[in-house]
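> output the structure for:
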Amino acid sequence: MSEGRLKSRAFLKWAGGKYHLVDSIQRHLPDSGLLIEPFVGAGSVFLNTDYPSYHLNDINADLINLYKLVKKNSQRFVDDAKSLFVASTNQREAYIALRQQFNQSTDAYERALLFLYLNRHGYNGLCRYNLSGKFNVPFGSYKKPYFPQAELYFFAEKAQRAEFSCTGYQHLMQKAAAGSVIYCDPPYVPLSKTASFTSYAQQGFDLDDQAQLANLAEQAQQRGATVVISNHDTTWTRKIYQLATLYSLQVNRSISQKGATRGKVAELFAVFEPMQAPSSQPVSVLPQKAG
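Presented below is the predicted three-dimensional model:
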């Protein structure tokens with residue numbers, strides 16, 4: 001369901017983004033009236049598919065707030081965000097001050113502008129919060145951070161087909177109707193016991209969540225939905241996805257903590273094909289808001 005040969009980039013940097021895997025993912029996504037993404041992240045799959053409607057969800061409230069505001073008034077947002085992409089704001093002291101402003105702000109629009117700024121000026125595009133919920137990514141020291149104007153406009157136009165939500169993945173998986181397609185890109189299972197399990201657990205997505213997601217995929221499959229899940233290809237993921245059709249792919253990825261070493265890592269696509277005849281018009285996951 002590609003919209004052309006040239007892939008569209010997200011306007012955010014995002015760890016684990018699927019831009020380079022879009023072609024492989026698309027092969028497993030069937031036609032439908034609705035694509036649901038419980039873990040939308042930067043939205044590369046959304047941006048490079050052509051479904052009539054989308055339900056895009058993420059547990060990160062700042063991310064979803066940003067997406068809703070860009071959808072509502074992209075021109076105002078672009079005009080205001082540009083003022084944060086100048087030489088005077090690309091300094092460590094300015095970054096720290098704006099990061100503090102973001103952490104203290106309760107204004108949705110201000111937080112959205114600063115979230116984009118921090119994403120593009122912070123180290124490696126990371127999105128990380130401390131235990132108090134404060135954004136704490138250090139300054140990235142880039143020569144001239146890119147302002148993604150064209151990408152923002154493209155996202156805003158495409159977002160007119162989308163509903164956004166900030167809730168747990170369980171809700172969307174349980175409500176998905178026959179005929180809908182669900183693409184799940186959860187936090188990946190660590191490749192070793194010491195690699196990154198602690199950070200996954202702190203983010204609220206541990207091995208129990210991994211297993212629960214697989215169970216919910218089986219239930220959605222039984223209701224007539226198609227579910228595709230990306231993850232690392234490990235003995236454990238193959239076990240929890242045993243009722244799915246599995247596809248493995250070797251991809252280039254950083255294999256050290258600092259990202260200096262790159263190597264091939266096995267990526268797994270678990271495809272749960274529907275067990276019931278899908279209806280032509282899947283029921284919406286999210287209630288439509290009045291007004």
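> in this structure, where is pLDDT below threshold?
1-5, 192-204, 253-262, 276-291 (pLDDT under 70).
> which residues of it fall in helices?
22-26, 44-47, 61-72, 74-82, 92-104, 108-121, 149-158, 169-175, 197-202, 207-223, 235-240 (DSSP state H).
> what would those look like in JSON lines with distance to Leu34?
All C-beta spots, glycine's among them, are computed from the backbone N, C-alpha and C. As requested, the helices of the chain are arranged in JSON lines below (distance: least, CB to CB, whole Å):
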{"stretch": "helix 22-26", "distance to Leu34": "16"}
{"stretch": "helix 44-47", "distance to Leu34": "12"}
{"stretch": "helix 61-72", "distance to Leu34": "17"}
{"stretch": "helix 74-82", "distance to Leu34": "23"}
{"stretch": "helix 92-104", "distance to Leu34": "34"}
{"stretch": "helix 108-121", "distance to Leu34": "26"}
{"stretch": "helix 149-158", "distance to Leu34": "15"}
{"stretch": "helix 169-175", "distance to Leu34": "11"}
{"stretch": "helix 197-202", "distance to Leu34": "29"}
{"stretch": "helix 207-223", "distance to Leu34": "12"}
{"stretch": "helix 235-240", "distance to Leu34": "25"}
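> most tightly surrounded among those helices?
Most buried of these, by mean neighbour count (mean count of other CB atoms under 10 Å): helix 44-47, with a mean of 24.
> centre of the chain to that one, how far?
Centroid separation between helix 44-47 and its chain, computed with CA atoms, centre = their mean, to the nearest Å, is 9 Å.
> what of stretch 107-115?
That offset, for stretch 107-115, works out to 19 Å (CA atoms, centre = their mean).
> repeat that for stretch 37-56.
On CA atoms, centre = their mean, the centre of stretch 37-56 falls 8 Å from that of its chain.
> in that stretch, what counts as buried?
37-49, 51, 54-56 (16 or more other CB atoms under 10 Å).
> start and end of that stretch, how far apart?
The straight-line separation of the ends of stretch 37-56 (CA to CA, to the nearest Å) is 5 Å.
> also stretch 162-179?
From start residue to end residue, stretch 162-179 stretches across 17 Å - CA to CA.
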